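# please find the sequence and the predicted model below.
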Amino acid sequence: MKRCDQTAAWAALQGHYQAHGRGFDLREAFARDAGRYTAMGIEAPEVYADLSKNLLDTATLHFLLDLARECGLETQRDALLRGEPVNGTEGRAVLHTALRAPQGTAPFSDDVHGVLDHMLAYADGVRADWAFTDIVNIGIGGSDLGPQMVVRALESYTHSGQRLHFVSNVDGHDLAPLLQRLDPNKTLFIVASKTFTTQETMANAQAARDWFLSAGGHAISRHFVATTTNIEAAAAFGISTTFGFWDWVGGRYSLWSAIGLPIAIAIGSANFRELLAGAHAMDRHFAEAPLERNLPALLGLLDLWYRNFHGFGSRSVAPYHQGLARLPAYLQQLEMESNGKRVDVHGAALPFGTSPVVWGEPGTNGQHAYFQMLHQGTDVIPVEFIAVKTPSHPWAGQHHKLLANCLAQSQALMLGKTAAEAATEKAPTASASIAPEVLAQHRSFPGNRPSTTFVLEALTPRSLGALVAMYEHRVFTSGALWGINSFDQWGVELGKALCNQLLPRLASGDTAGLDASTAGLLRRLTA
Ligand SMILES: O=P(O)(O)OC[C@H]1O[C@](O)(CO)[C@@H](O)[C@@H]1O
């Protein structure tokens, strides 16, 4: 398997970038090719993607697809899906796709469906049990972001009466205000942790249990359940109802496993199965569609083109659906924990950039905050718009405003406005004292700024499942091309170890042997 920079296609792309890519102009590309929108629209299950407002043409795509083939992308993908130990540094397979495959069609099927059926039956029982008014998921990272994002997105599928809460931060300001509002005998706590050792989760679980007992709670066994691979540790904590999963489910890929319990309680088993079905449909697309029409593969290639040739270090995600408010945070873990790596699978330092910074907010809110920089700042930041055709509220006029904003932003990023065009506009009165040609500079936009727009018919369990799986496979694609292990996360370990060393010093105030800055700050925080 070749790393991207060791292929002939990489060299060809370098030449192509110098000759055409650098000076590529979207406005000219649309003027030259009337069929550009149609040719660069990809129909994947539940997701339509308009790639036409990106800085590439048929020749670029041709070289990128050559690169994918030379890197053995399809072979790497097949190894992933077969359950080979592609997570080399941890000696593990990576099989989140098996969690959403129909019975008998993927590795570990009996185990997967056994836990799934058990978990969904329990979830439906909780939904029907009106004695539970509040469900609290205690977990962090992958044991929080996925379930939280999905529950928020599918709020219209939840039934009223039960409230879902997510507590993640070791900061007591997360848990304490919530507990004040809860009745212990009407609350279910889900302690969600793949390892059941994570400091934040264990601290919050302990605090919740202490509160439960001191606030008059009865029957811990009914009010605390766990979702974990470490059933012994959950039992030692005193939890007898546990839904398990396996080491081949990465934390950031785990919402499809027992970690999805809060989702299942929120939307019910039938809808949870729809979520899985949507993801499975995208899995099949990724596994079977030719690379030319394979949406996750094309997105991964586009990421490489932007990161390694155009030098863009960031990508902004703008979901034009308030339900997807937590999607950017979810994608930050998915993408940056997966591909924020600086050595390849053989431990060799990489001579090129890997994961971009992924960030964003729902539209239209972002427009009134940082879109200024996207339009007129000095950095080019590709933007990803997500538009949903049919809302789940009744206000068509308001939805039209949302969609018009979404389309207008990608249009403005692409078209821009020249100083000459700006000069023809009537200046606002407040700016009248500025020379018109100076004002025109301020009011002009460079344009030619790339974006992708995804369209969903509606935000449903099925479409959301497909959308998330699309992102997972896209991250796999760019990681595979870069030659990195997208499935470990050693970068989180050093901070954890140093935290454990510092912890006793917070109580004792001992600063001996610390660097001057850490010692000074510790003194300031403890004196
Ligand atoms: O589910 P756990 O084991 O508590 O881990 C939580 C999170 O911590 C990490 O291991 C590192 O931050 C993530 O990969 C993971 O999702």
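Thanks, I have the structure now.
# show me which residues of this structure are close to the ligand?
The chain has residues 140-143, 193-195, 198, 201, 251-252, 337, 489, 492 near the ligand, with proximity defined as C-beta under 6 Å from any ligand atom. To be clear about C-beta, it is placed using only N, CA and C from the backbone, and glycine gets the same treatment.
# 5 Å - rerun?
141-143, 193-195, 198, 201, 251, 489, 492 (C-beta under 5 Å from any ligand atom).
# of those, grab the buried ones for ChimeraX.
In ChimeraX syntax, the buried subset of the residues of the chain next to the ligand is picked out as below (16 or more other C-beta atoms under 10 Å):
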select :141,142,143,193,194,198,201,251,489
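# most widely separated two among the residues of the chain next to the ligand?
201 and 489 (15.9 Å; C-beta to C-beta).
# measure the residue in the stretch 251-400 of the chain that the ligand sits nearest to to residue 229 for me?
Scanning the stretch 251-400 of the chain for the residue nearest the ligand gives residue 251, at 2.6 Å (criterion: C-beta to the nearest ligand atom). Distance, residue 251 to residue 229, using C-beta to C-beta, to the nearest Å: 10 Å.
# now for these two: what residues contact both?
Between them, residue 251 and residue 229 share these contacting residues under C-beta atoms under 8 Å, 6 or more residues apart in numbering: residue 194.
# still on that earlier bit, apart from its neighbours in sequence, what residue is nearest the residue of the stretch 251-400 of the chain closest to the ligand?
The spatial neighbour of residue 251 that comes closest, neighbours along the chain excluded (C-beta to C-beta, 6 or more residues apart in numbering), is residue 142 at 3.1 Å.
# what residues are up against the one you found?
194, 250-255, 259, 333.
# ok, and the closest non-adjacent residue to the closest residue to the ligand within the stretch 401-527 of the chain?
Among the residues of the stretch 401-527 of the chain, residue 492 lies closest to the ligand, at 4.1 Å counting by C-beta to the nearest ligand atom. Counting by C-beta to C-beta, 6+ apart, residue 337 is the residue found nearest to residue 492 once chain neighbours are left out, at 7.6 Å.
# just confirm that neighbour is within a strand.
No. Going by DSSP: H, G, I helix; E, B strand; the rest coil, the assignment for residue 337 is helix, not a strand.
# run through the residues that contact it.
141, 252, 489, 491-492.
# picking that back up, wait, a helix at the residue of the stretch 401-527 of the chain closest to the ligand?
Yes. Under three-state DSSP, residue 492 sits within a helix.
# quick one: it from residue 140, how far?
In terms of C-beta to C-beta, residue 492 sits 11 Å off from residue 140.
# residue 526 and residue 506 touch, don't they?
Yes. At 6.2 Å, residue 526 counts as touching residue 506 under the criterion of C-beta atoms under 8 Å.
# and residue 218, what's its pLDDT?
The predicted structure scores residue 218 at 89 on the pLDDT scale.
# re the thing from before, per-residue pLDDT, the residue nearest to residue 251?
Looking at residue 142, its pLDDT reads 98.
# and it, that one's in a strand?
No. Counting by three-state DSSP, residue 142 is not found in a strand; it is helix.
# gap between it and residue 193?
Distance from residue 142 to residue 193, by C-beta to C-beta: 10 Å.
# what's the answer for residue 209, then?
According to C-beta to C-beta, residue 209 stands 14 Å off from residue 193.
# list the helices and strands the helix or strand hosting residue 440 packs on?
Residue 440 belongs to helix 436-442 when assigned by DSSP states H and E. If you count contacts as 3 or more C-beta pairs under 8 Å, 6 or more residues apart in numbering; DSSP states H and E, helix 436-442 packs onto helix 419-423.
# quick one: the helix it packs on to chain centroid distance?
39 Å (C-alpha atoms, centre = their mean, to the nearest Å).
# check which helices and strands whichever helix in the chain runs longest sits against.
The single longest helix within the chain, with elements called by DSSP state H, is helix 461-482. Helix 461-482 makes packing contacts with strand 47-50, helix 58-70, helix 73-82, helix 145-153, helix 269-288, helix 295-304, helix 338-339, strand 451-458 when contacts are defined by 3+ C-beta pairs under 8 Å, 6+ apart.
# what is the orientation angle of that helix with helix 295-304?
50 degrees (axes from the mean of the first three to the mean of the last three C-alpha atoms, to 10 degrees).
# please save the CA atoms from helix 461-482 in PDB.
Extracted C-alpha coordinates of helix 461-482, given in PDB (Å, rounded to 0.1, in the frame of the first residue of the first chain):
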ATOM      1  CA  PRO A 461     -33.300   8.700  11.700                       C
ATOM      2  CA  ARG A 462     -32.500   7.100   8.400                       C
ATOM      3  CA  SER A 463     -31.000  10.200   6.700                       C
ATOM      4  CA  LEU A 464     -29.100  11.100   9.800                       C
ATOM      5  CA  GLY A 465     -27.600   7.600  10.000                       C
ATOM      6  CA  ALA A 466     -26.500   7.900   6.400                       C
ATOM      7  CA  LEU A 467     -25.000  11.400   6.900                       C
ATOM      8  CA  VAL A 468     -23.000  10.300   9.900                       C
ATOM      9  CA  ALA A 469     -21.700   7.200   8.100                       C
ATOM     10  CA  MET A 470     -20.800   9.300   5.200                       C
ATOM     11  CA  TYR A 471     -18.500  11.400   7.400                       C
ATOM     12  CA  GLU A 472     -17.000   8.300   9.000                       C
ATOM     13  CA  HIS A 473     -16.000   6.900   5.700                       C
ATOM     14  CA  ARG A 474     -14.700  10.200   4.400                       C
ATOM     15  CA  VAL A 475     -12.400  10.400   7.500                       C
ATOM     16  CA  PHE A 476     -11.300   6.800   6.800                       C
ATOM     17  CA  THR A 477     -10.600   7.700   3.200                       C
ATOM     18  CA  SER A 478      -8.400  10.700   3.900                       C
ATOM     19  CA  GLY A 479      -6.600   8.800   6.700                       C
ATOM     20  CA  ALA A 480      -6.000   5.800   4.400                       C
ATOM     21  CA  LEU A 481      -4.500   8.100   1.700                       C
ATOM     22  CA  TRP A 482      -2.300   9.800   4.200                       C
END
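# now do that helix against helix 58-70, angle only.
80 degrees.
# and helix 461-482, what's buried?
461-482.
# repeat that for stretch 71-83.
71, 73-74, 76-77, 79-81, 83.
# now tell me what touches it from outside.
For stretch 71-83, using C-beta under 8 Å, 6+ apart, the contacting residues are 1-4, 7, 68, 86, 93-95, 97-98, 106-108, 248, 283, 286-287, 291, 297, 473, 476-477, 480-481, 483.
# my read: residue 352 touches residue 6, true?
No. Here residue 352 lies out of contact with residue 6, judged by C-beta under 8 Å, at a distance of 11.2 Å.
# low-confidence stretches in the chain?
428-432 (pLDDT under 70).
# centroid residue for it?
The residue lying closest to the centre of the chain (C-alpha atoms, centre = their mean) is residue 331, at 1.6 Å.
# how much space between that residue and residue 463?
In terms of C-beta to C-beta, residue 331 sits 16 Å off from residue 463.
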